[in-house]
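In: Any chance you can model this:
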Amino acid sequence: MQPEVMSIRVDNRKMWATACLEVPVAQGTFFTADYVENELYKRGIVAGIRRDVIADMIENPVVGREYVVAEAMNPITGDAGYFEYKVDIRDEKNKPTIREDGSVDYYNSLSLAMVNVGDFLVEYFPAKEGTPGYNIYNEELPARKGKEQPRLKGSGFNVSDDGREYYSTTNGRIYLQDDKLIISPVYIVNGDLGIEEGNIRFNGDVEIKGDVRSSLEITTEGSIFIHGHVGGCKLRAGKNITIRQGVQGREKCIIEAGGDVACSFVERCVIKSGGNVYADSIMSSEVAARNQVIVSSKKGLILGGNILGSRGVICKTVGNQVGITTNLQSGFCEEVVKRAGELVDIHYKILADLELLDRNMVIYNVLEEEKRTHETENTRKKILQAKIMKTTEQKKVEEELAQINKEMQLIREEGMVQVSGVVYSGTRINIGRQWLEIKEDYKDVVFIQKADFVDVLPRQDFKPKK
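Out: Numbers count the residues shown, from 1 in each chain. Model prediction:
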């Protein structure tokens, strides 16, 4: 057989080789598997030989067809390092679980993951070495080791010197927040919170296993978890507030949360939430959520009062046949607009301060060497330090302002009121700056803002923006 009868081609990466017949050959002739392999060996191709392909080539020779007769193996990167949690750890971002009937599952929300001093929290398993590969010339291709994970950040724990084991240094609630592992102290009342216990002011989380009686106050930078009822009291939390048995406020209850508020029912209460408000029913209350108000369950009733969800209100039934006035709003929270104005003023003040500091810096920088004194040099350093601090403050203000502007844009785009059941006459719908008086009952609809009016769509036709 002449060499030109079969050609062999190798790719640039030396990872495969093909054999191609240039002229017809007859079965049972000198064209054999040994011949093909020998031609490969002559070219130094000794690894990844595909004898099954060569056999097919001998049995079914096709002129012009390229057969992949050698195929190398790419290196395999090792497995990445990972953390294995030894205790139940919740993510602080997790929202209350919504059951199939639309009601909120408060058991999960009220089940805190608790640890004690010395508990083994997390074990880190380092990344593994990879598996080397080889090309068709049997030259080794090195593999990369898997990616190591950075050590967990957070508070309330210690890490072993080798970074493999994490142990609790305090008693408290454990959770993940923004990829940080946090163990915060928990103030626990094993029963009702009454006059005997008095008001609570605390830096961590507060858990009340029973009711919170009227006239009492709970103030915390963390979250509040209440297993029972809430009366005419004041609750203020930097994070979330969860109330399993609901609120009978008697127009004396004020609930303020930096995060979400979740409770089974709300009656005659004022709620201000920096996140969502979840409830099975809301009656005769003033509710304002920076995100959404979600009134679920089979009943899903909002009756009376003023309900504001900046990015929307979702419920099943609004008002009743008697025509009790109920106001539903989707638009900007007063606090958000006020904060945006404050940030703009602060930003202008920072820019003015930076301009003044720059002018002063120029004065001290142009001083000739012989005129500089220890005192002037110290002043120059103080100006430089002040400028650094102002620049840092400027960055923080700009970041917060950008976040608020993004939030306002989402409110403009997503603002709506969605009702899966009945909207009774007597209800007022406010989307943005437009109002709609409901004078006849609607069923299964969504209210959205058009240019200068509130439009009503069948709910099946509404396509929320993702």
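
In: Determine the number of other residues adjacent to the residue nearest to Asn190 when sequence neighbours are not counted.
Out: Nearest residue to Asn190 in three dimensions, chain neighbours excluded: Lys209, at 5.1 Å (Cβ to Cβ, 6 or more residues apart in numbering). All C-beta atoms are positioned from the backbone trio N, CA, C, and that covers glycine. Applying other Cβ atoms under 10 Å, we find 15 residues neighbouring Lys209.

In: go on, Gly415?
Out: By other Cβ under 10 Å, the residues close to Gly415 number 22.

In: okay but it is in contact with Arg433, surely?
Out: No - with contact defined as Cβ atoms under 8 Å, Gly415 and Arg433 do not form a contacting pair (10.7 Å).

In: Mind checking what helix or strand follows the helix or strand of the chain with the lowest mean pLDDT in sequence?
Out: Ranked by mean pLDDT, DSSP states H and E, the helix or strand of the chain with the weakest confidence is helix 106-110, at a mean of 64. Per DSSP states H and E, the first helix or strand lying C-terminal to helix 106-110 is strand 114-115.

In: Which helix in the protein has the most residues?
Out: Scanning the chain for the longest helix, with DSSP state H as the assignment, gives helix 374-414.

In: Show me how far whichever helix or strand comes after it is from its chain's centre.
Out: Counting by DSSP H and E, the element after helix 374-414 in chain order, helix or strand, is strand 416-423. Computed by Cα atoms, centre = their mean, to the nearest Å, the chain-centroid distance of strand 416-423 equals 28 Å.

In: With stretch 405-420 instead?
Out: 19 Å.

In: which residues are contacting that stretch?
Out: The contact list for stretch 405-420 (Cβ atoms under 8 Å, 6 or more residues apart in numbering) reads 290, 300, 310-318, 328, 330-332, 336, 340, 429, 431-432, 442, 444-449, 459, 462, 464-465.

In: Now, of these, which are buried?
Out: 290, 300, 310-318, 328, 330-332, 336, 340, 429, 431-432, 442, 445-449 (16 or more other Cβ atoms under 10 Å).

In: Show me those that map onto helices.
Out: Val336, Ala340.

In: Helices along the stretch 51-200 of the chain, start to end?
Out: Using DSSP state H, counting those that start in this stretch, the helices found in the stretch 51-200 of the chain span residues 51-59, 106-110.

In: could those helices go into TSV alongside distance to Cys263?
Out: As requested, those are exported to TSV (distance: least, Cβ to Cβ, whole Å):
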stretch	distance to Cys263
helix 51-59	67
helix 106-110	8
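
In: Val322: which of those helices is closest?
Out: The closest of those to Val322 is helix 106-110. By Cβ to Cβ, the value is 30.4 Å.

In: about what we covered before: what residues are up against the residue nearest to Asn190?
Out: Contact analysis of Lys209 by Cβ under 8 Å, 6+ apart lists Ile188, Val189, Asn190, Gly191, His227, Gly228.

In: separation between it and Thr391?
Out: In this view, Lys209 and Thr391 are 49 Å apart by Cβ to Cβ, to the nearest Å.
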